[in-house]
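[1] Return atomic coordinates for the entry below.
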Amino acid sequence: MRYRRNETLRYTFEEPLSAGFKLIKVDKNPVNSSMGAGSVIDISPGGMRLATDVHIPTSKTVHLFVATSLAGHDLSFTAEVIWMKPSRGQYHYGLDFIGDHQEEVFQALKKHNQIKDKKTPKE
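    Numbering: from 1, shown residues only. So this is what the prediction gives:
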């Protein structure tokens, strides 16, 4: 499955969200790596862009477990690494969620925007 950059809802964060991740499968082999640190740059109901200092091989099929929090919602996903691009001394990864997280992501983004709107001064 290709990364869906043109999904109708893709939210880019002004300040990336802190996230933890670990490798759970490389090709068909289960892996139990330690947690690494990263940042969620953008998210959609079908996937996300994760930035990290860790180089993850993209020549193999790699599945990650990713955990983050958005507007009080703890979010966790299993995702497949679809692409990698070096950026400003880090690596950016396009992740495609495994399973349906559409409603979960939508509700968290809705709450995030409500909180953000309350913090924005009205003119």
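[2] Okay, and the beta partners of the spatially most central residue of the chain?
    Centroid-nearest residue in the chain, with Cα atoms, centre = their mean: residue 48, separated by 3.6 Å. Counting by DSSP bridges, residue 48 is bridged to residue 43, residue 95.
[3] Over to residue 22?
    With DSSP bridges as the criterion, residue 22 is bridged to residue 65.
[4] what's the burial count for residue 99?
    When neighbours are defined as other Cβ atoms under 10 Å, residue 99 has 9 of them. For glycine as for every other residue, the C-beta is placed from the backbone atoms N, C-alpha and C.
[5] What residues sit buried inside stretch 84-104?
    84, 90-97, 101, 104 (16 or more other Cβ atoms under 10 Å).
[6] Now do the buried residues in the helix or strand bottoming out on mean pLDDT in the chain.
    Every helix and strand in the chain was compared by mean pLDDT, DSSP states H and E; the lowest is helix 102-119, with a mean of 82. For helix 102-119, the neighbour count (16+ other Cβ under 10 Å) marks 104-105, 108-109, 112 as buried.
[7] Need the max-distance pair from those residues.
    Using Cβ to Cβ, these span at most 12.6 Å, a distance reached by 104 and 112.
[8] Now do the strands in this protein.
    Secondary structure of the chain (DSSP state E): strands at 11-26, 29-30, 36-44, 47-52, 62-70, 73-87, 90-97.
[9] Tell me which of those strands sits most buried.
    Highest mean neighbour count among the strands of the chain (mean count of other Cβ atoms under 10 Å): strand 47-52, with a mean of 23.
[10] Give me the contact list for that strand.
    Contacts of strand 47-52 from elsewhere in the structure, counted by Cβ atoms under 8 Å, 6 or more residues apart in numbering, are 3-4, 7, 16, 19, 21, 36-43, 64, 66, 77, 79, 82, 87, 90-97.
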